[in-house]
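> Give me a 3D structure for the following:
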Amino acid sequence: MSTPSPTPSSASGSFAPLRQPVFAVLWAATVLGNIGSFMRDVASSWMVTELSASPTAVALIQTAATLPIFLLAIPAGVLSDILDRRRFLIGIQILLALVSGALLVLARTNTLTVEYLVALTFVGGIGAALMGPTWQSIVPELVPRHDLKNAVALNSLGINIARALGPAVGGLLLASFGAAAAYGADVLSYVFVIAALLWWKRPPAVDSGLSEQFFGAFRAGLRYARASKELHVVLLRAAMFFVFASAVWALLPLVARKMLQGTAGFYGVMLGAVGAGAIVGALVMPKLRQKLDTDGLVLLAALLAAAVMAALSVAPPQWAAVLLMLVLGVGWIIALTTLNGVAQAVLPNWVRGRGLAIYLMVFNGAMAGGSLAWGLVAQEVGVPMALLVGAAGLVVVAFIFHRVKLPTGEADLQAANHWPEPMLTEPVAHDRGPVVIQIEYRIRKHDIPAFLHAMQAVARERRRDGAYAWGVAEHTGEPERVIEWFLVESWAEHLRQHHRVSKADADMQAEAVRFHIGPDKPVVHHFLALDLKDGKAPHHGSTGAAP
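Sure, this is the predicted structure:
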C-alpha cells in the first residue's frame, strides 16, 4: 500500500456511529462488560502470583485465557454466521457470568488454587472464543456501511476505555476488599450487557432456503481462507507482531511484583495506564493515518512496544514504568485497530464471522504460544533478559515483514447478484452434488496468455466462494475454444455462490470475459453427478448465461 488510508475529516465523523441508538447502547454495555472483565483479569493475574512464584505458572494464566480462542475460533465463527447472533451472545454472557460467580465463591471461601484458577480462566476463554467473532460480526448490522471503519475504531476505543478503568478499579478493589470483590463486580457487569442484548430487537434474518449447516459452513470458511491472499497477508503480519509483543503481557505481573516491588494496586495502575495510553492513541489515530499508511502504522506500533519492553528490562522507577505503560497503550491500540480494521475490510459479510474467527485464532494463538514461550525463557534467563530478547525480536521481524504490504481493503464487497439463476428442466434437491460448472469461451490464439493471466484471479475467486476444484482447458481441434470448469460440493452451495460474488469480483470476472470474441456471452453448462449404484439419471441444469 503506497497511500494512507482515508480517515474522517473531523472528530464528529469519528463518533458518528454513536448516533445510531442500537450501536450506542450496545457499545456502552460492552464498555461496562469489558470493565468487569478487566477487573476479573487483574484479580486472577495477581492471585496467581500469591499462589505460586513460578514464572511459568504466571504465564500459564495468559495461555489459559487465549488458548481456547486459538482452538475454538473457527467453530465459533461458523456458529456466528449460521445462528441468531443476538441469542448466541446472550447465552455466552450467561456462561461468562457463571465463571466469574464460581471465582467469587472460591475466593470468598479461601479455596482458590492455581488449578482452579487456570481451569476457570480456560472456561472463560471458551466464552471469549465464542463471543469474539460474533460480537465483531454484528457491527455491520448496527451502522451504515460508510460508518463501519469508525465503528470498528470506536469498539477498539471502548475496549481501551475499559482497559484504563477496569484494571485500576480492580486493583483498588483487590487491595481494599480482596479478590472476591473484583469477581463480584464482574458478575454485576454481565447484567448490563444481557439487558442491552434483550433490549435490541434484531430484525429476523430472511430465509432464502439456503441456510448453511455447521460442517458445510465450516468447510466453506476454510476454503475461503485458503484462497484469500489478502487474508493471508493480514494473518501473517498479525502473527509476527503478536508472538513477540506477547512477552510484555506474559511477564508484566512479574515485572510489577518482583522487579518494581509493586503492590496489587500498583499493578492495576500499570494496566490502567495501558488503557489510558490506548485512548490517547485512538484519539491521535486520525492524524497518524494522514501521515502513515497501514504498513507504517504497524511498524510504528512494533517500535513503540519494543522500546517499552527494553526500558522495562532495566527496572525503572515506578513512576517511569507507568509512563512506559502509557506508551505501550498507544502502540497496542495502533496495532489492534490497524490489523483488525484491515481484516474486517477484506471480508465479505457472508463469511465475516468465520474470517474474523481465523484472525482471532491467529492473534490469540500467537499470544498464547508466545506467552508460554516467554514464560519458559524467563524461567531460564530471567525476566529482564527475556524482555530484551522479545524487544530485539520484535524490531527485527517488524522491519523484515514491513516489505509484505497489507491490502488496502477498499474493494466493494457488496453482493453483485449479477449471475442469472440457472435454468432447470425440473427442481433439483439442494443436497444433490457434486456439481460441475462449465463455461465456454472463444479466445483468439494470441490472447490466450493474457486471458490465462486474468483467469488466475478468477480461479481464486471461484475457490473463495465455494469451488473445491478448478481448471481451464482448450479444445484439441479448435484452439480458440476454451472452457473453464469448477466443482462445487452441492447444488445449494452453488446457489450460494450466486449470492457471494461481490461487485469487486464481478469487475474482475469482466476483465477475463473481455477476451471472449463470440457474438453472445460465454455459454454456461451445469452438470449434476449421476448415481451409478441406483442407475438413476437425475436431470441436470440446462445451458444458461455466463456467471
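> quick one, domains of this protein?
Domain ranges of the chain: 11-202+211-401, 435-545, per automatic domain parsing.
> Tell me which of those sits most buried.
Of all the domains of the chain, domain 11-202+211-401 carries the top mean neighbour count, a mean of 21, counting by mean count of other C-beta atoms under 10 Å. All C-beta atoms are positioned from the backbone trio N, CA, C, and that covers glycine.
> The closest residue in space to residue 178 that isn't next to it in sequence and residue 78, how far apart?
In this structure, residue 178 finds its nearest non-sequential neighbour in residue 107, 6.7 Å apart by C-beta to C-beta, 6 or more residues apart in numbering. Per C-beta to C-beta, to the nearest Å, residue 107 is found 35 Å from residue 78.
> Same question for residue 392.
According to C-beta to C-beta, residue 392 and residue 78 sit 39 Å apart.
> cool, residue 249 as well?
To residue 78, residue 249 is 28 Å away according to C-beta to C-beta.
> Helices along the stretch 201-350 of the chain, start to end?
Along the stretch 201-350 of the chain, the stretches classed as helices by DSSP state H, counting those that start in this stretch are 214-227, 229-254, 264-291, 294-312, 318-345.
> In TSV: those helices, plus mean pLDDT.
Converted to TSV, the helices of the stretch 201-350 of the chain look like this (pLDDT from 0 to 100):
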stretch	mean pLDDT
helix 214-227	81
helix 229-254	91
helix 264-291	81
helix 294-312	94
helix 318-345	89
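> For the closest residue to residue 471 other than its chain neighbours, list the residues it contacts.
Of all residues not flanking residue 471 in the chain, residue 485 sits nearest, at 5.6 Å (C-beta to C-beta, 6+ apart). Contacts for residue 485 (C-beta atoms under 8 Å, 6 or more residues apart in numbering) come out as 436-439, 470-473.
> got it, and residue 390?
244-245, 247-248, 306, 309, 374.
> In three-state terms, label it for me.
Counting by DSSP: H, G, I helix; E, B strand; the rest coil, the backbone at residue 390 sits in helix.
> what residue ranges in this protein score low on pLDDT?
Scanning the chain for pLDDT under 70 picks out 1-14, 53, 56, 145, 148-149, 204-212, 409, 411-418, 532-547.
> what about the strands in it?
In the chain, the segments counted as strands under DSSP state E are 435-442, 467-474, 481-488, 523-528, 544-545.
> These: which one's closest to residue 342?
Nearest of the strands of the chain to residue 342, taken as C-beta to C-beta: strand 467-474 at 25.4 Å.
> in its sheet, what does the closest one sit against?
The strands beside strand 467-474 in its sheet (DSSP bridges) come out as strand 481-488 (antiparallel).
> What angle do strand 523-528 and the partner strand make with each other?
Strand 481-488 runs at 40 degrees relative to strand 523-528, counting by axes from the mean of the first three to the mean of the last three C-alpha atoms, to 10 degrees.
> Show me how far strand 481-488 is from its chain's centre.
Here strand 481-488 shows a centroid-to-chain-centroid distance of 33 Å under the convention C-alpha atoms, centre = their mean, to the nearest Å.
> Send me that strand as PDB with only the CA atoms.
In PDB, the C-alpha atoms belonging to strand 481-488 read as follows (Å, rounded to 0.1, in the frame of the first residue of the first chain):
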ATOM      1  CA  ARG A 481     -12.400 -22.800 -27.900                       C
ATOM      2  CA  VAL A 482     -11.500 -22.700 -24.200                       C
ATOM      3  CA  ILE A 483     -13.500 -24.000 -21.300                       C
ATOM      4  CA  GLU A 484     -13.300 -23.100 -17.600                       C
ATOM      5  CA  TRP A 485     -14.700 -25.700 -15.200                       C
ATOM      6  CA  PHE A 486     -15.000 -25.900 -11.400                       C
ATOM      7  CA  LEU A 487     -16.600 -28.300  -8.900                       C
ATOM      8  CA  VAL A 488     -18.900 -27.400  -6.100                       C
END
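> so residue 226 touches residue 463, yeah?
Yes: assessed by C-beta atoms under 8 Å, residue 226 is found in contact with residue 463 at 7.2 Å.
> distance of the spatially most central residue of the chain from residue 234?
Residue closest to the mean C-alpha point of the chain, counted by C-alpha atoms, centre = their mean, is residue 356 at 3.1 Å. Counting by C-beta to C-beta, the gap from residue 356 to residue 234 is 11 Å.
> shared neighbours of these two, anything?
By C-beta under 8 Å, 6+ apart, residue 356 and residue 234 have these common neighbours: residue 343.
> Next up, phi/psi of the nearest residue to residue 321 once chain neighbours are set aside, please.
Nearest residue to residue 321, sequence neighbours excluded (C-beta to C-beta, 6+ apart): residue 260, at 5.7 Å. Residue 260 has phi and psi values of phi -110, psi 0 when expressed as degrees, to the nearest 10.
> do you know which of the helices of the stretch 201-350 of the chain lies nearest residue 480?
Nearest of these (C-beta to C-beta): helix 214-227, 28.9 Å.
> and that closest one, how far out from the chain's middle?
Worked out by C-alpha atoms, centre = their mean, helix 214-227 lies 15 Å from the chain centre.
> what's the answer for stretch 290-309, then?
On the basis of C-alpha atoms, centre = their mean, stretch 290-309 is displaced by 20 Å from the centre of the chain it belongs to.
> Is it correct that residue 528 is in contact with residue 489?
No: judged on C-beta under 8 Å, residue 528 makes no contact with residue 489 at a distance of 11.8 Å.
> got any residues that touch both of the two?
433, 435.
> Roughly how far does the most far-flung residue of the chain relative to its centre sit from residue 294?
Distance from the centre of the chain peaks at residue 477, with 49.8 Å (C-alpha atoms, centre = their mean). Noted for residue 477: a distance of 51 Å to residue 294, by C-beta to C-beta.
> rewinding a little: tell me which of the helices of the stretch 201-350 of the chain lies nearest to residue 388.
Among these, helix 294-312 comes nearest to residue 388, with 6.2 Å by C-beta to C-beta.
> Mind giving me the packing neighbours of the closest one?
helix 229-254, helix 264-291, helix 318-345, helix 383-401 (3 or more C-beta pairs under 8 Å, 6 or more residues apart in numbering; DSSP states H and E).
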